[in-house]
Structures are given as structure tokens and as C-alpha cells.
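> Structural data only, the sequence is not supplied:
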């Protein structure tokens, strides 16, 4: 009969294979660090998305007023430029943020939609610029086309950003990072 090693030798050799962090109680530290980073990320995203949403709501209403010709062009130009500048600053901060690895794709999608909203603002500004040309008649339709396009970009990107932000803020490690129709139907259905 083959001889077996003593039980204590088997246990001791098995313990040697375990990570040293288990014996120091350090296995919780990386998790606590990740949880702290996730909380900081959520707080930053929540703050920034609220700022962005407020600016885009205001500018969307403004561009809608331009479409209806209910807003003074000079006032609109000033407000659009100020909103664009504010959003550019926030977009720069978002690019510098460190998202959890599982959220990288959603974070990039959020940034892309913010860029789309900024293009909508620039499009609306272009429409305002057209109205300032001396040879343009007051009821020219070309600026209206720019305002319609700008409005659509602002509104649609804002809606998509809200969906993506909701998933980013509510995400828990180990859960899927999907912000599409199938995910909404699954969670709300």
C-alpha cells in the first residue's frame, strides 16, 4: 500500500498556495477601493449629467423658440455661445474621468452624444448667423432648416444621454452594462 503524506503536511502545503493577502485580512482592501472609486464615479457622473441636462433643456427650448421665431436673435446667439462654452468645459472633464472598466463603452457613448448635442448648438448658431446677413429677407427659410436640425440633435442626444446615464449611475459590478430597448423592457417589464 502506498504511503500517504501526513494530513498536516497536506494542509500546510495547501496553505502555501493561498494568497498572502488572505492571511493579512487584505482581501477586502481592493474591493473597498473599487467601491470607493465607483461611488466617486457615480457622484461625478450624477453632478455632470444634471448640469448637462439643465443646459441642454434650456438650449433646446431656446432653439425651439427660434424655430417659431419667438426669440430675439442677439439674445439667442449669446445664450447659445454661453451654453456651448459651459458644455465644452464639462465635456473636457468627462474625457478626463476614469470610468470603471465595464462602463468604458457606455461612458464613450455618453461623450459621443454630448458631442452630438454640441454640434446641434453649433448648427443653431449657424442659423442665427444666416439671419444677420444683410441680403437675407426676414422670413428666409434657410435659417429655419438649421434650427430644426440643431433642435433635433439637441433633443435626441439629450434623451439618449439620460438613458445611458441612468445605467452608468445604477450599475453594480457583475451586472450587464446595456442601455438599449431590450434592457429597458427586461428591467421594467
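Thanks, I have it. On a predicted model such as this, the values are computed, not experimentally measured, just so you know. Residues are numbered from 1 along each chain as shown.
> can you pull the contacts of residue 115?
If a contact means C-beta atoms under 8 Å, 6 or more residues apart in numbering, then residue 115 has residue 91 as its contacts. Using the backbone N, CA and C atoms, a C-beta is placed for each residue, glycine as well.
> Mean confidence (pLDDT) on whichever strand or helix holds it, please.
In the assignment (DSSP states H and E), residue 115 maps to helix 104-131. What helix 104-131 shows for mean pLDDT is 95.
> With stretch 53-73 instead?
Averaging pLDDT along stretch 53-73 gives 96.
> Give me the next element, helix or strand, following the helix ranked longest in the chain.
Of all the segments of type helix in the chain, defined by DSSP state H, the longest one is helix 28-67. Once the chain leaves helix 28-67, the next helix or strand it forms, by DSSP H and E, is helix 73-96.
> And that next one, what's buried?
Residues of helix 73-96 classed as buried by neighbour count (16 or more other C-beta atoms under 10 Å): 73, 76-77, 79-80, 83-84, 87, 90-91, 94.
> next one: stretch 152-163
Result for stretch 152-163 [16+ other C-beta under 10 Å]: buried residues 153-155, 157-158, 160-163.
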